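Visitor: sequence first, predicted coordinates after that:
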Amino acid sequence: MESESDPASTRAERLSGVALRNVAAATASRVSTVAVGIVLTPIVLAGLGREMYGVAQVVNSLYDFISLLRGGLSAALRRYVTLAHHSNRSEEASLYFAVGFWWSGLLRTGILLLGWAVAWPLGRFLRLPESMHAEATFGIVLIIAATVLADAGAMFEIPIFATGRTAILSLIRAGATWVRLALTIVAFRVFHPTLPVFGAVLIVVELVPLLLIIPIAQRMGVVRSVFPRWTSGSDQARRVLFSYGRLAVLGQAAALLYTSSDSLFIGRIYGAAAVTAYTLGARWSSLIRGFLLASITSLTPLFTQLEAVGESHRTRRALTEVVKLSAAVAVPFCLTPCVVGDILLTKWVGAEYRGSYAYMLAMLAPMTIEVALMPVWMALRARGRIGWLAVGDMVVAIGNVLISLVLALGFKLGLLGFALGNTFAMLAKQLVLRPRAARRDPEFPPARDYIGALPRALLGGAPALFALYLARPYCERGVPELIVGAGAAGLLCLAGSLYATLGTSGIRTLRRRFG
């Protein structure tokens with residue numbers, strides 16, 4: 001006779017399989033993003049020049065801020081459509097999606113017009129030479145249009161996200177990344193490389209995945225139609241979505257103050273070329289964070305599903321296991337570049353940018369803690385516990401901006417002051433806010449259960465990192481030697497960290513689930 005626990009055990013195995021497939025696909029997607037970024041950055045930098053490359057970075061930061069005007073509806077829709085779908089309330093899922101679809105469309109139209117309106121003043125803000133203003137303005141208009149298109153495309157991903165099977169989304173994004181590389185190279189060879197040409201390439205690149213995602217989303221059957229009829233929604237539906245969305249906006253605004261505000265302030269104070277120098281060092285933290293965040297957040301709908309089917313108690317065990325894995329991965333990914341980062345920058349974009357290593361080090365080293373505790377943040381958001389967390393994040397983020405300006409201008413540290421401001425804010429967020437927020441959820445394990453994973457991972461990976469430090473003269477010989485040395489050390493570091501955190505039995509279980 002089958003025991004009553006069999007259905008739950010079967011569901012657990014099924015969710016584990018889905019989770020691992022999501023993580024594997026998300027990892028492949030981010031590997032593509034990092035690889036293409038490494039190849040594409042020198043090409044775009046050489047084609048556009050320091051000034052225009054800096055303008056492109058500032059435009060992305062500016063859009064991040066004005067996109068807050070969409071009210072956090074995407075985050076709200078991901079949660080409530082997922083909850084309704086797994087609670088077998090299909091009409092409710094369709095209603096939430098329709099309301100969010102049309103309100104998001106209206107808000108994004110306003111964002112597009114606002115972005116176009118500030119295109120010309122932005123050139124003045126960055127103190128560009130007069131001869132560059134026309135090119136910069138047209139390029140900014142096209143980049144804003146491409147970004148709005150990408151942002152709108154995320155709406156069609158929600159029905160796929162709600163099923164928990166996000167692997168297909170990751171694979172589509174990976175393909176689009178390589179299309180971007182190919183189109184950029186072709187466009188820069190056929191046309192004179194300018195910011196408008198780069199913006200036009202981005203528009204085409206965003207259309208490619210959109211044409212694939214729309215029919216897949218419709219076939220998922222989560223909502224009646226991915227192009228729903230117009231509805232403003234009931235008072236209750238709007239209240240639910242916008243209430244959650246406002247809290248999500250706080251969290252998004254806080255995240256932007258940590259990173260995107262740097263480009264705007266640096267561009268205004270030091271000019272667009274300084275943005276390029278700062279970005280080439282600081283961007284490694286966002287590249288690696290995005291790489292690891294994609295893998296971890298691919299588990300978000302599964303934690304929401306546990307809540308929807310009344311199995312929240314399993315959050316405790318699942319979170320502890322995921323934190324062990326994230327801590328083991330954080331050590332090699334965050335600390336290996338810290339050991340050879342100056343060599344990497346020299347071989348990648350030229351010796352004139354070797355000084356950007358200081359910004360890389362200041363942001364990557366403390367990010368080890370952030371990545372290790374990233375599953376805590378993911379699980380809190382998946383379970384809707386973002387109110388206290390969002391407010392706390394905003395307080396720390398504002399402090400980050402103030403500290404950065406004091407260090408940069410008051411203590412004359414320049415660009416390094418902005419990087420160190422992010423360091424202090426990151427440590428405060430991870431060591432103070434995250435554990436305090438987690439204590440407010442009874443289904444979460446105590447902080448001691450998951451914080452201890454990182455020290456063990458550091459001890460396990462330390463020998464490989466020390467060996468890489470000793471091998472620096474070998475890595476300086478050339479790019480092949482750098483890739484071989486850093487790659488071998490990274491793999492050994494990962495193996496040591498995994499063994500220290502998971503142990504032999506944990507690694508065996510992980511291999512069995514992937515198999």
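Guide: Alright, I've got the coordinates.
Visitor: show me what the host helix or strand of Tyr80 is packed up against.
Guide: Secondary structure assignment for Tyr80, by DSSP states H and E: helix 73-86. Helices and strands touching helix 73-86, by 3 or more C-beta pairs under 8 Å, 6 or more residues apart in numbering; DSSP states H and E, are helix 90-117, helix 133-163, helix 235-270, helix 300-308. Every residue, glycine included, has its C-beta placed from N, CA and C.
Visitor: ranking helices and strands of the protein by mean pLDDT, which lands last?
Guide: helix 300-308 (a mean of 57; mean pLDDT, DSSP states H and E).
Visitor: after that helix comes which helix or strand?
Guide: The C-terminal neighbour of helix 300-308 among helices and strands, as given by DSSP H and E, is helix 314-349.
Visitor: helix, strand, or coil at Val226?
Guide: Following DSSP: H, G, I helix; E, B strand; the rest coil, the label given to Val226 is coil.
Visitor: again with Arg127
Guide: coil.
Visitor: burial count for it?
Guide: If you count neighbours by other C-beta atoms under 10 Å, Arg127 ends up with 13.
Visitor: now swap in the one 3 residues further on and tell me
Guide: Using other C-beta under 10 Å as the criterion, Glu130 is surrounded by 8 other residues.
Visitor: now do Ser243
Guide: Applying other C-beta under 10 Å, we find 13 residues neighbouring Ser243.
Visitor: follow-up on the earlier one: want to throw the helices and strands packed on helix 73-86 into JSON lines with distance to Ile216?
Guide: Converted to JSON lines, those look like this (distance: least, C-beta to C-beta, whole Å):
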{"stretch": "helix 90-117", "distance to Ile216": "15"}
{"stretch": "helix 133-163", "distance to Ile216": "6"}
{"stretch": "helix 235-270", "distance to Ile216": "24"}
{"stretch": "helix 300-308", "distance to Ile216": "16"}
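Visitor: got a list of what the residue nearest in space to the middle of the chain touches?
Guide: Most central in the chain under C-alpha atoms, centre = their mean is Gly290, positioned 3.5 Å from the mean C-alpha point. Contact analysis of Gly290 by C-beta atoms under 8 Å, 6 or more residues apart in numbering lists 30, 33.
Visitor: Ile403 too?
Guide: 420-421, 424-425.
Visitor: with Glu352 instead?
Guide: Contacts of Glu352 by C-beta under 8 Å, 6+ apart: none found.
Visitor: distance of it from Phe198?
Guide: When distance is defined by C-beta to C-beta, to the nearest Å, Glu352 is 22 Å away from Phe198.
Visitor: what do you get for Ile451?
Guide: Ile451 is 43 Å from Phe198, by C-beta to C-beta.
Visitor: kindly report the same for Ile160.
Guide: From Ile160 to Phe198 the distance is 29 Å (C-beta to C-beta).
Visitor: low-confidence stretches in the stretch 101-250 of the chain?
Guide: 247 (pLDDT under 70).
Visitor: residues of the strand or helix carrying Thr509 that come out buried?
Guide: Counting by DSSP H and E, the element that carries Thr509 is helix 479-514. Applying a neighbour-count criterion of 16 or more other C-beta atoms under 10 Å, one finds 481-482, 485-486, 489-490, 492-502, 506, 510 buried in helix 479-514.
Visitor: that one: how far from the chain's middle?
Guide: In terms of C-alpha atoms, centre = their mean, to the nearest Å, the gap separating the centre of helix 479-514 from the centre of its chain is 23 Å.
Visitor: how about the helices in the stretch 351-500 of the chain?
Guide: For the stretch 351-500 of the chain, applying DSSP state H, counting those that start in this stretch gives helices covering 357-372, 374-382, 387-405, 415-428, 434-438, 447-451, 453-470, 472-475, 479-514.
Visitor: now the angle from the first one to helix 235-270?
Guide: Pointing back at helix 357-372 there. 160 degrees (axes from the mean of the first three to the mean of the last three C-alpha atoms, to 10 degrees).
Visitor: go on, the longest one?
Guide: Between helix 479-514 and helix 235-270, the angle formed by their directions is 160 degrees, by the same axes, to 10 degrees.
Visitor: mean confidence for helix 479-514?
Guide: Regarding helix 479-514, the rounded mean pLDDT is 88.
Visitor: try the first one
Guide: Mean per-residue pLDDT for helix 357-372: 94.
Visitor: elements contacting that helix?
Guide: helix 272-297, helix 314-349, helix 415-428, helix 453-470.
Visitor: among those, where is the model least confident on average?
Guide: helix 272-297 (a mean of 85).
Visitor: break the protein into its domains for me.
Guide: In the assignment given by automatic domain parsing, the structural domains of the chain cover 32-224, 246-515.
Visitor: who wins for proximity to Gln236 among those?
Guide: Taking C-beta to C-beta, domain 32-224 is the member of those nearest to Gln236, at 9.9 Å.
Visitor: endpoints of the closest one, how far apart?
Guide: The separation between the terminal residues of domain 32-224, taken as C-alpha to C-alpha, to the nearest Å, is 33 Å.
Visitor: got a pLDDT number for Lys429?
Guide: For Lys429, pLDDT reads 79.
Visitor: residues touching the nearest residue to Leu415 once chain neighbours are set aside, list them.
Guide: Of all residues not flanking Leu415 in the chain, Tyr278 sits nearest, at 4.8 Å (C-beta to C-beta, 6 or more residues apart in numbering). By C-beta under 8 Å, 6+ apart, the contact set of Tyr278 is 262-263, 266, 356, 359, 415, 418-419.
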